[in-house]
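Trainee: Next comes the sequence, and after it the predicted model I'd like to discuss.
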Amino acid sequence: FESLYGLVLGITPKSVRVDTFDYSVSPQQAEISTSEGRREYSGFNFDLGAVGALTHSIQTGLVVKNVIAHTYETALGNKVELKPQARLGISHRTSWTTLAIDLDLTRNEPVGFEMPTRFLSIGAELDVRLLKLRLGYQRDLTGNYKGMPSLGLGFSIFGLHLDAAVAARGKDEAVASAQLGFRY
């Protein structure tokens with residue numbers, strides 16, 4: 001929804017399905033039956049977002065994911081919580097460049113065995129007609145994970161878009177992606 005003042009609001013309703021697996025196995029048991037420790041939940045949730053222009057070249061945005069908090073109980077009585085997550089961003093754009101900074105306003109509690117996170121991310125894009133060069137860096141403000149630099153390249157011609165990116169967190173963790181799209 002766009003207001004008269006340049007503020008754009010969005011809502012994403014979503015159907016949610018959560019499966020929990022929680023079971024206890026003694027060392028003497030040879031087989032593990034996950035069906036006994038499984039619980040299945042389904043429901044509804046939504047995300048909210050807002051974007052506004054501060055000036056002609058500066059925009060800011062706020063998104064809240066999973067607005068409705070839920071607590072799920074596992075077969076063994078443990079609790080799994082799904083809480084709202086908020087993220088704030090600001091960007092500066094010129095005809096050739098974009099610089100953006102995003103900050104998690106809430107600490108992201110893990111569902112599994114990971115550590116909590118709260119990310120600060122910065123990214124830049126240089127747009128030279130058909131070619132886009134992207135650089136980024138993400139840092140966990142809780143100190144649980146190392147920083148992660150990223151590098152991306154985009155190519156567009158006649159509505160065909162090809163994007164590729166790589167990112168690494170130390171020597172033990174790396175990710176790569178490629179995306180092909182067509183705009184008509």
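Mentor: That came through, no problem.

Trainee: Tell me the helices and strands packed up against the helix or strand of the chain with the lowest mean pLDDT.
Mentor: Taking mean pLDDT, DSSP states H and E as the measure, strand 79-82 is the helix or strand of the chain with the lowest mean score, a mean of 90. If you count contacts as 3 or more C-beta pairs under 8 Å, 6 or more residues apart in numbering; DSSP states H and E, strand 79-82 packs onto strand 8-21, strand 70-73. Where you see a C-beta, it was placed from the backbone N, CA and C, and this is true even at glycine.

Trainee: out of these, deepest packed?
Mentor: The highest average neighbour count among those, using mean count of other C-beta atoms under 10 Å, belongs to strand 70-73 at a mean of 14.

Trainee: strands paired with that one, and their directions?
Mentor: Note on strand 70-73: by DSSP bridges, its sheet partners are strand 79-82 (antiparallel).

Trainee: got the buried residues for the helix or strand just after the strand it pairs with?
Mentor: Downstream of strand 79-82, the first helix or strand assigned by DSSP states H and E is strand 85-93. For strand 85-93, the neighbour count (16 or more other C-beta atoms under 10 Å) marks 85, 87, 89, 91 as buried.

Trainee: What separation do you get for the residue of the chain most remote from its centre and residue 8?
Mentor: Distance from the C-alpha centroid of the chain, by C-alpha atoms, centre = their mean, peaks at residue 28 (41.3 Å). Applying C-beta to C-beta, to the nearest Å, the value for residue 28 to residue 8 is 60 Å.

Trainee: same thing with residue 59?
Mentor: Using C-beta to C-beta, residue 59 is found at 10 Å from residue 8.

Trainee: what's the helix or strand containing residue 137 in contact with?
Mentor: Using DSSP H and E, the element containing residue 137 is strand 131-140. The contact list for strand 131-140 (C-beta atoms under 8 Å, 6 or more residues apart in numbering) reads 117-126, 146-156, 165, 167.

Trainee: quick one: average confidence on it?
Mentor: Averaging pLDDT along strand 131-140 gives 97.

Trainee: Kindly report the same for stretch 64-74.
Mentor: Computed over stretch 64-74, the average pLDDT equals 94.
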